[in-house]
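Visitor: sequence-free structure coming up:
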């Protein structure tokens with residue numbers, strides 16, 4: 001499911017501006033975030049990607065107020081991050097923890113007493129698909145049910161944005177499908193901004209409008225998912241004389257699948273075809289081949305790691 005047709009606000013819901021964070025002191029210290037800047041548009045599903053240690057969880061903890069940045073600014077709907085405007089966020093950081101002897105309804109009722117949103121308990125139970133299990137003790141819940149209840153706890157305060165750290169972690173295929181549908185609806189039906197981190201690149205590709213790829217605490221790539229895939233694409237040609245094509249393009253060309261893959265910008269494709277036809281080269285097949293997000297991720301993180 002692609003998001004290219006979805007109109008996103010240019011106004012950011014969340015902004016990180018030149019954020020630094022270092023753990024420890026001296027030679028053994030670790031620079032977790034290194035001047036990181038990025039903005040999450042309102043109404044989008046925005047994915048944070050990166051290998052272990054890239055800084056994703058540190059960034060989310062700073063946003064949640066669990067850590068303090070050494071330098072830089074964090075803005076929530078245009079205002080500096082503070083307890084008052086953090087109430088505009090719903091957060092599910094890492095695995096949710098519950099009282100095993102309480103029911104799903106009781107958990108939501110307990111939180112609703114703090115936010116004055118008791119009237120939302122039943123709508124939220126329906127929203128997360130737990131209305132039939134609302135009066136069962138959480139100790140009997142599956143991991144997927146607990147993840148949905150965690151999102152329900154994040155929603156009970158009527159947030160304008162929701163932060164999810166590995167929301168599909170440990171879920172079976174059915175649970176992943178349910179979580180994907182819920183995230184999609186929260187953003188594109190209910191109008192919430194969703195910022196999530198995940199290691200499941202295929203899921204990110206399916207559900208996110210934009211992604212940021214982090215490596216060593218720095219931003220190495222950012223943009224709409226469709227644009228990133230186009231940027232890393234290759235053009236495939238099946239011609240009578242592939243050796244001639246490889247010789248002409250050098251390192252930008254690679255033989256494969258009975259033809260030649262050429263790494264060029266998509267805007268250059270019409271001129272390439274015209275020049276090859278003008279030179280008398282017979283073209284049997286020509287197509288633009290998009291990579292998946294995993295290919296883009298590996299390309300960007302390996303290049304940044306050199």
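Guide: It's in. Note that the structure is a prediction, hence the values are computed from the model and not measured. Numbers count the residues shown, from 1 in each chain.

Visitor: Assign a three-state SS to the spatially most central residue of the chain, would you?
Guide: When Cα atoms, centre = their mean is applied to the chain, the residue found nearest the centroid is residue 47 (1.2 Å). The three-state label given to residue 47 by DSSP: H, G, I helix; E, B strand; the rest coil is strand.

Visitor: how many neighbours does residue 140 have?
Guide: 10 (other Cβ atoms under 10 Å). Where C-beta positions appear, they are placed from N, C-alpha and C, glycine not excepted.

Visitor: can you tell me how far it sits from residue 51?
Guide: According to Cβ to Cβ, to the nearest Å, residue 140 and residue 51 sit 36 Å apart.

Visitor: which stretches of the chain have low pLDDT?
Guide: In the predicted model, the chain carries pLDDT under 70 at residues 1-10, 232, 303-306.

Visitor: Show me what counts as buried in the longest helix along it.
Guide: Across the chain, the longest stretch assigned as helix under DSSP state H is helix 173-188. Under the neighbour-count criterion of 16 or more other Cβ atoms under 10 Å, helix 173-188 has 175, 176, 178, 179, 180, 182, 183, 184, 186, 187, 188 buried.

Visitor: Cross-check the contact I'm expecting between the first one and residue 129.
Guide: Spelled out, it's residue 175. No. Counting by Cβ atoms under 8 Å, residue 175 does not reach residue 129; the two are 11.0 Å apart.

Visitor: buried ones in stretch 295-304?
Guide: Across stretch 295-304, burial judged by 16+ other Cβ under 10 Å covers 296, 297, 299, 300, 301, 304.

Visitor: Let me know the closest of these to residue 71.
Guide: Within the buried residues of stretch 295-304, the smallest distance to residue 71 is 21.2 Å, found for residue 304 (Cβ to Cβ).

Visitor: residues contacting residue 77?
Guide: 13, 14, 85, 88, 160, 161 (Cβ atoms under 8 Å, 6 or more residues apart in numbering).

Visitor: Now residue 68. Nearest residue, chain neighbours left out?
Guide: residue 62 (7.1 Å; Cβ to Cβ, 6 or more residues apart in numbering).

Visitor: tell me which element that neighbour falls in.
Guide: helix 56-64 (DSSP states H and E).

Visitor: Okay, strands next: where are they in the chain?
Guide: 12-23, 30-41, 45-49, 71-76, 79-80, 89-92, 161-165, 193-197, 210-215, 218-224, 234-239, 253-256, 259-262, 283-289 (DSSP state E).

Visitor: How far does the third one sit from its chain's centre?
Guide: In terms of Cα atoms, centre = their mean, to the nearest Å, the centre of strand 45-49 is set 2 Å apart from its chain centre.

Visitor: next one: the fourth one
Guide: Once both centres are worked out by Cα atoms, centre = their mean, strand 71-76 turns out to sit 20 Å from its chain's centre.

Visitor: Could you give me the buried positions within that strand?
Guide: Buried residues in strand 71-76, counted by 16+ other Cβ under 10 Å: 72, 74, 75, 76.

Visitor: The first one contacts residue 34, doesn't it?
Guide: In other words, residue 72. No. Applying Cβ under 8 Å, one finds residue 72 not in contact with residue 34, separated by 10.3 Å.

Visitor: Quick check: neighbours shared by the two?
Guide: In contact with both residue 72 and residue 34: residue 20, using Cβ under 8 Å, 6+ apart.
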